[in-house]
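S.K.: model this:
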Amino acid sequence: MTSTAAEKNLPIHEQFAQAYGAELAQAAQPTPAVALRAAATAARGLLAERWARTQAEDAARSAHHPVRRVHYLSMEFLMGRALTNALAALGLEPSLSRLLAAQGQQLGNVLEREPDAALGNGGLGRLAACFLDSFAELGLPSFGYGLRYQYGMFAQAIQAGRQVEAPDDWMRCGAPWEVPRADVRYAVGFGGRVTVDEAGRRHWQPAEQLEAQAFDFIVPAHHSERVSTLRQWHATAAAPIDFQAFCAGDYAGAARHRVAADALNWVLYPDDSSAAGRELRLKQEAFLVSASLQDVIARHLREAGSLDGLGLSNAIHLNDTHPALAPAELMRLLLDEHGLGWDAAWNITRQAVSYTNHTLMPEALETWALSLFEALLPRHLEIIYEINARFLAEVKTKFPGDDALLARVSLIDEGQNGHQGGERRVRMAALAIVASHRVNGVAALHSELMVQTIFADYAAIFPGRFHNVTNGVTPRRWLQQANPALSALLDARIGKGWRQDLAELRALTPAASDAAFRQQFQAVKFSNKQRLAELIRRETGVQVDPNSLFDVQIKRIHEYKRQLLNILHVVARYQAIIANPDLAWVPRTVIIAGKAASAYVMAKSIIQLAHDVARVVNSDPRVGDKLKLVYLPNYGVSLAEVIIPAADLSEQISTAGTEASGTGNMKFALNGALTIGTWDGANIEMAQAMGEENMFVFGLRTEAVAQLKAQGYEPRLYMAQNPQLKRVIECIAAGEFSSGDVQRYRALTEMLLTSDPYLLMADFKAYVDKQLEVDALYARPEAWGAKAILNVAGMGDFSSDRTIAEYVDRVWSVASLG
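M.R.: Now for the predicted structure:
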C-alpha cells in the first residue's frame with residue numbers, strides 16, 4: 001500500500017479505513033478471511049511508513065552515538081498472531097470493530113482466522129519475540145535476524161493418545177505481514193575448497209551457491225512511532241534448472257539443487273538423528289549467520305563509507321549456540337572479502353559479538369563433527385583452527401603446564417577416551433565465548449551455576465566476561481492483549497503507566513487487602529476460566545468446571561521440565577479419591593500442553609501416558625468433577641494467550657539447577673496465577689520479589705541435588721519408603737492406564753526406578769505435600785485472591801523492557817566495551 005500526500009494528512013483511523021476499503025473492494029465477498037487480509041494489509045502499510053522513518057532516523061545517527069545498532073541473531077522467533085498487536089499499537093481496534101460491524105462481522109471472529117507465525121517453538125523463540133517488542137518500545141536501533149520457515153517445527157496432532165507430527169502450513173494462504181525486500185540478496189556458499197593465490201591470500205571456492213533474500217516482519221512500539229524489524233532469510237539456489245537434464249526428461253534431476261536449497265526453508269530444527277538431518281541443521285545455521293552478517297556490513301558501508309568503526313557502531317548478539325558460527329563468518333568476511341588483517345578483523349569481531357547461554361546441560365551445548373564441518377565450511381574451519389591456536393597460546397602463557405586445561409577449553413574436542421565415539425568435534429559454545437566481549441546467563445542462579453560448572457574454565461580465563469541478565473516478558477502481549485479485562489481493572493486502580501513501566505505494578509500491593517477489589521479480580525479470573533473451559537470442550541470434548549482449581553503446565557515436553565512428576569501426582573490424587581471418595585476434595589482440573597521433539601522417544605511416551613491417565617480418570621464416575629486431566633494439542637502463542645489468563649496454579653517444577661530461567665513462570669504470575677515450583681531459574685527471583693510466602697516452593701535445592709548425586713542416588717529407596725509412590729509406579733507398570741499393556745511404559749518406569757536423572761522419585765513426597773497446601777489455600781477464596789494480587793504486584797522487575805535496558809547498559813552500549 002502506498003499513501004498519497006493527502007492521505008497522509010488524514011487521521012490514522014481514516015487512512016486505515018480507506019486502505020481497508022480499497023483492499024476489500026478487490027474481493028468478491030467480504031468473508032472473515034478476506035477481512036483479515038484486508039485489515040492486515042492496511043495496518044502493514046501504516047507500519048511500513050513508520051519503518052521507513054525509523055530506518056532514516058537510525059541511519060542519521062552520529063557515528064559516535066553511545067548506543068550501537070543491535071543485530072539479534074536467533075534460530076527462532078515465536079511471534080504469534082500479529083494483527084491484534086498491530087491494532088493495539090496503532091490504536092485501531094475500535095476502528096476495525098466498527099468497520100466489521102457495518103459488514104455484519106465480529107472482530108473476534110476475524111482475529112481468530114489469523115494463524116500463528118510458525119517461526120519458533122518454545123521459550124527461546126518467545127523470548128526473542130518479546131525482545132523485538134522491547135526494541136521498538138525503547139527506541140533501540142535494531143534488527144532481529146532469523147529464517148523464514150515455511151512449515152515451522154511441526155503441527156502437533158494427537159491420535160490414540162500419541163503425538164503425530166505434520167507440516168505447519170501457516171503460509172498456505174499467504175503471509176500478509178511480511179514485506180519482501182527483493183533488492184536485499186546475498187550469496188551464501190557451501191562445500192568446495194580453499195585456494196591460495198600468489199600473494200598468499202586464501203580464497204574459498206564453494207561448490208554450492210545459494211541466495212538469501214530478505215523478508216521483513218515489522219514489530220511496532222505501543223507508545224511511540226518507532227518499530228523494530230525481524231529480517232527473515234529465504235534460501236534459493238543461485239543456479240537455474242539444469243536445462244539439458246530437463247530436455248532429457250529428467251525433471252527431478254534438473255531441479256535437484258533447487259529442491260535442496262528450498263529444504264533450508266522448510267522446517268525449524270529438522271530431526272538430526274540422521275546424517276542428512278545434521279547436515280541440514282548446520283547449513284541452516286550457517287545460512288542465517290552469513291546472510292545476516294553480510295547485511296550488517298553492507299548497511300554499515302552505506303552509512304559510514306568504510307569499515308572504520310564497524311565494531312563500535314554495531315552489536316551482534318548470539319541467542320544461544322545456534323548462531324555461534326558468527327565469529328568465524330565475520331572473520332572470513334573481513335579477512336577474505338574486505339582485505340583486513342587478522343588483528344584488525346579480530347578486534348572488530350571481539351567488539352561486536354556477545355553471547356547469551358540458555359542451558360546448563362553439557363549435552364545441549366552444540367558441537368559439530370569435524371568431518372561435516374570440513375565438508376561444508378572448509379574456510380570457516382581454517383579460521384576456527386587459527387582462533388583456537390592463538391587462544392590456546394594465551395592460555396598456555398597464563399596457565400603454564402596445565403595441559404588438561406588446554407584440552408578442556410580448546411575449540412576442538414579431540415574425542416579422546418571414547419568421548420563422542422572418538423570423533424573430533426567443533427565446540428560452538430567455546431567459539432562463542434572466546435570471540436565475545438560479554439557472555440551472560442538468563443537468571444541469577446543460572447549465571448552463577450554457569451561459571452561454576454559448564455563454563456568454569458572459561459570464567460577462570462576471562463573473569464570479567466561473564467554476567468547475568470534475567471529474562472523478562474513484554475506486558476503488551478502477555479497482559480494488555482492476552483488479558484484485557486484484568487488490564488482494564490489495573491488501569492482503573494493504578495493508572496495505565498504499568499503498560500510502559502511494569503514497575504508501577506508495585507502500587508497494586510495495597511489492593512490485596514481490599515475485599516471489593518479482590519472480588520473484581522476474581523470475577524475477571526472466573527470469566528477467563530469460562531473461556532478456557534469452552535475451548536477445552538471444543539478441542540477435547542471434555543467438560544470441565546470453571547469453579548475447579550485450574551492447575552496448568554504448558555511448555556516444551558522434556559524430562560527435566562518434569563511433566564511426568566505432574567502426571568504421577570494426578571495418579572496419586574486419583575487413587576486417593578477412589579480410596580476416600582467422601583472427603584471434601586478441592587475440585588481440580590489439570591491442564592497440560594506442549595510439543596515433544598519428533599525424535600525424543602521418552603518425551604513422546606510422557607505425552608501418551610498423560611492421555612492414557614486422562615482417559616481413565618475422566619471417564620471414572622467415582623471421580624466426577626473432583627479431578628480432570630486434559631491435554632491441549634498444538635501448543636503455541638495464541639493457545640497460551642487463552643490458557644495463561646485462566647490459570648490458578650502455574651507448574652514450574654524442573655529439577656533445581658536445570659531450568660536456565662523460564663518466562664512462562666513470569667507470564668502466569670503477571671496474570672494472577674500462583675506458582676508451585678522448585679528453587680530454580682527465575683522462580684527464585686520471583687519469590688524474592690513477591691515474597692516466598694506467596695509461592696508454593698518445594699523440592700531439593702541445587703546444592704542438595706548435587707550432594708545426592710555425588711553420594712549415589714538410589715531411586716528405588718524412595719519407592720520402598722513411600723507407599724503412595726509405590727502404588728503409583730506399580731499401577732502404571734501393571735498396565736492399569738494402558739488397557740493391560742504392561743510393556744507400554746516399561747522403559748519409563750524402569751528409568752524412574754534405576755536412573756531417574758531428574759530426581760522425580762526424590763521430590764515426589766515434597767511435591768504431593770505442597771499440593772495439599774495448594775488445596776487448603778484454594779478452599780479459602782479470599783486468602784487465595786489476596787496472594788494472587790500480590791503475585792501480580794510483585795512482577796514489576798520481569799518486563800523485557802528492563803531486560804533490554806540492562807543489555808544496553810552492560811553489553812550493547814559503546815561504554816560497555818570498556
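S.K.: from here on, contacts and neighbour counts on C-alpha atoms
M.R.: OK.
S.K.: which residues of the stretch 251-400 of the chain fall in strands?
M.R.: With DSSP state E, counting those that start in this stretch, the ranges of strands along the stretch 251-400 of the chain come out as 314-319, 353-356, 367-369.
S.K.: typo on my end, the stretch 551-700 of the chain
M.R.: Under DSSP E, counting those that start in this stretch, the stretch 551-700 of the chain gives strands at 588-593, 627-632, 649-652, 674-677, 696-697.
S.K.: Pipe these into CSV and attach distance to residue 568 per row.
M.R.: Below are the strands of the stretch 551-700 of the chain laid out as CSV (distance: least, Cα to Cα, whole Å):
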stretch, distance to residue 568
strand 588-593, 12
strand 627-632, 12
strand 649-652, 14
strand 674-677, 15
strand 696-697, 18
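S.K.: what would those strands look like in TSV with mean neighbour count and distance to residue 35?
M.R.: Below are the strands of the stretch 551-700 of the chain laid out as TSV (neighbours: other Cα atoms under 10 Å; distance: least, Cα to Cα, whole Å):
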stretch	mean neighbour count	distance to residue 35
strand 588-593	22	31
strand 627-632	24	28
strand 649-652	26	36
strand 674-677	26	39
strand 696-697	21	46
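S.K.: Please name whichever of these is nearest to residue 562.
M.R.: Among these, the nearest to residue 562 by Cα to Cα is strand 649-652 (8.9 Å).
S.K.: Format the strands of the stretch 251-400 of the chain as TSV; extra columns: distance to residue 180 and mean neighbour count.
M.R.: Shown next, in TSV, are the strands of the stretch 251-400 of the chain (distance: least, Cα to Cα, whole Å; neighbours: other Cα atoms under 10 Å):
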stretch	distance to residue 180	mean neighbour count
strand 314-319	23	26
strand 353-356	28	26
strand 367-369	33	18
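S.K.: What score does residue 587 have for pLDDT?
M.R.: Reported pLDDT at residue 587 in the predicted model: 98.
S.K.: what residue ranges in the stretch 51-200 of the chain score low on pLDDT?
M.R.: Scanning the stretch 51-200 of the chain for pLDDT under 70 picks out 62-64.
S.K.: How about the chain?
M.R.: Scanning the chain for pLDDT under 70 picks out 1-8, 62-64, 416-421.
S.K.: Contact partners for the closest residue to residue 668 other than its chain neighbours?
M.R.: In this structure, residue 668 finds its nearest non-sequential neighbour in residue 644, 5.6 Å apart by Cα to Cα, 6 or more residues apart in numbering. Shown in contact with residue 644 (Cα atoms under 8 Å, 6 or more residues apart in numbering): 667-668, 671.
S.K.: Residue 525: which of those is nearest?
M.R.: Ranked by distance to residue 525 (Cα to Cα), the contacts of residue 644 are led by residue 671 at 8.8 Å.
S.K.: That closest one contacts residue 642, doesn't it?
M.R.: No. Contact criterion Cα atoms under 8 Å: residue 671 and residue 642 do not qualify, at 11.2 Å.
S.K.: And these two? Which one has more around it.
M.R.: Under the criterion of other Cα atoms under 10 Å, the comparison of residue 671 against residue 642 puts residue 671 first, with 25 against 17.
S.K.: For the nearest residue to the more buried one once chain neighbours are set aside, give me its contacts.
M.R.: Excluding its sequence neighbours, the residue lying closest to residue 671 (Cα to Cα, 6+ apart) is residue 645, at 5.4 Å. By Cα under 8 Å, 6+ apart, the residues touching residue 645 are 482-483, 525, 528-529, 668, 671-673.
S.K.: now those residues as JSON lines including distance to residue 546?
M.R.: Conversion of those to JSON lines gives the following (distance: Cα to Cα, whole Å):
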{"residue": "482", "distance to residue 546": "18"}
{"residue": "483", "distance to residue 546": "17"}
{"residue": "525", "distance to residue 546": "10"}
{"residue": "528", "distance to residue 546": "9"}
{"residue": "529", "distance to residue 546": "5"}
{"residue": "668", "distance to residue 546": "17"}
{"residue": "671", "distance to residue 546": "17"}
{"residue": "672", "distance to residue 546": "16"}
{"residue": "673", "distance to residue 546": "15"}
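S.K.: Neighbour-wise, which one of these leads?
M.R.: residue 673 (31 neighbours).
S.K.: can I assume that residue is in contact with residue 785?
M.R.: No. Using Cα under 8 Å, residue 673 is not in contact with residue 785; the gap is 9.5 Å.
S.K.: With residue 658 as the reference, measure out to the closest residue in space to residue 659 that isn't next to it in sequence.
M.R.: Leaving aside its sequence neighbours, residue 659 sits nearest to residue 681 (Cα to Cα, 6+ apart; 5.3 Å). Look at residue 681 and residue 658: by Cα to Cα, to the nearest Å, they are 8 Å apart.
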